[in-house]
Structures are given as C-alpha cells and as structure tokens.
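> Build me a model:
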Amino acid sequence: QEEERKASANSYMWVQRGGPPGQQTVLFDYDPSRAGRVPMRLLGDYAGCLVTDGYEGYAEVVRRNGMTHAGCWAHARRKFV
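Residues are numbered from 1 along each chain as shown. This next block holds a predicted model:
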C-alpha cells in the first residue's frame with residue numbers, strides 16, 4: 001500500500017510481452033503514473049519493434065532508441081477509411 005495515495009487514486013498496470021517462440025513471458029509492472037517516463041524506465045535501451053495502442057507516451061522512448069513503432073491491429077485499423 002502507498003501511504004500517501006488515496007484508495008480511489010488512478011494507478012496503472014503496464015504490461016509487456018515478448019521472448020522467443022515457446023518461451024513467451026508476460027511482465028506486469030505497477031506505476032502510479034501514465035507519464036512517458038514510465039516506458040523510458042521499462043524499456044531501457046531496447047531497440048527492436050514496439051507494438052502499442054498508439055499512446056503518445058511511448059514517443060520519446062521510440063525516438064531515443066530508434067525503435068520501429070507499430071500499432072496493434074485494433075488501433076491501426078482506425079487510421080483507414
């Protein structure tokens with residue numbers, strides 16, 4: 001429990017999935033914030049392909065690490081008419 005936070009405060013569970021075929025891993029990371037500093041911390045110097053929901057908070061880590069940023073199909077389809 002976080003002593004300084006109300007039980008009704010917003011909090012976020014950041015989920016990462018990856019790994020080689022047959023050895024996929026899902027990581028859950030709690031943070032009280034949805035700020036762009038969180039993906040910077042979680043992704044470190046990762047420089048591969050990042051598939052996200054299009055949230056702008058990933059922009060800085062994508063730029064800094066030279067990642068390929070791909071949208072998930074559910075969100076990518078919104079860009080087509």
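> Show me the strands in the chain, by range?
12-18, 25-31, 49-52, 68-71 (DSSP state E).
> What lies in contact with the third one?
It stands for strand 49-52. 43, 58, 61, 62, 67, 68, 69, 70, 71, 72 (Cβ atoms under 8 Å, 6 or more residues apart in numbering). In short, each C-beta sits where N, CA and C put it, glycine included.
> How about it, which residues are buried there?
Using 16 or more other Cβ atoms under 10 Å as the test for burial, strand 49-52 gives residue 50.
> Would you give the sheet partners of that strand, along with the direction of each?
strand 68-71 (parallel) (DSSP bridges).
> can you give me the offset of the partner strand from its chain's centre?
12 Å (Cα atoms, centre = their mean, to the nearest Å).
> can you check stretch 52-60 too?
7 Å.
> where are the low-confidence patches of this structure?
1 (pLDDT under 70).
> same thing but at 80, please
Along the chain, the model assigns pLDDT under 80 to residues 1, 75-81.
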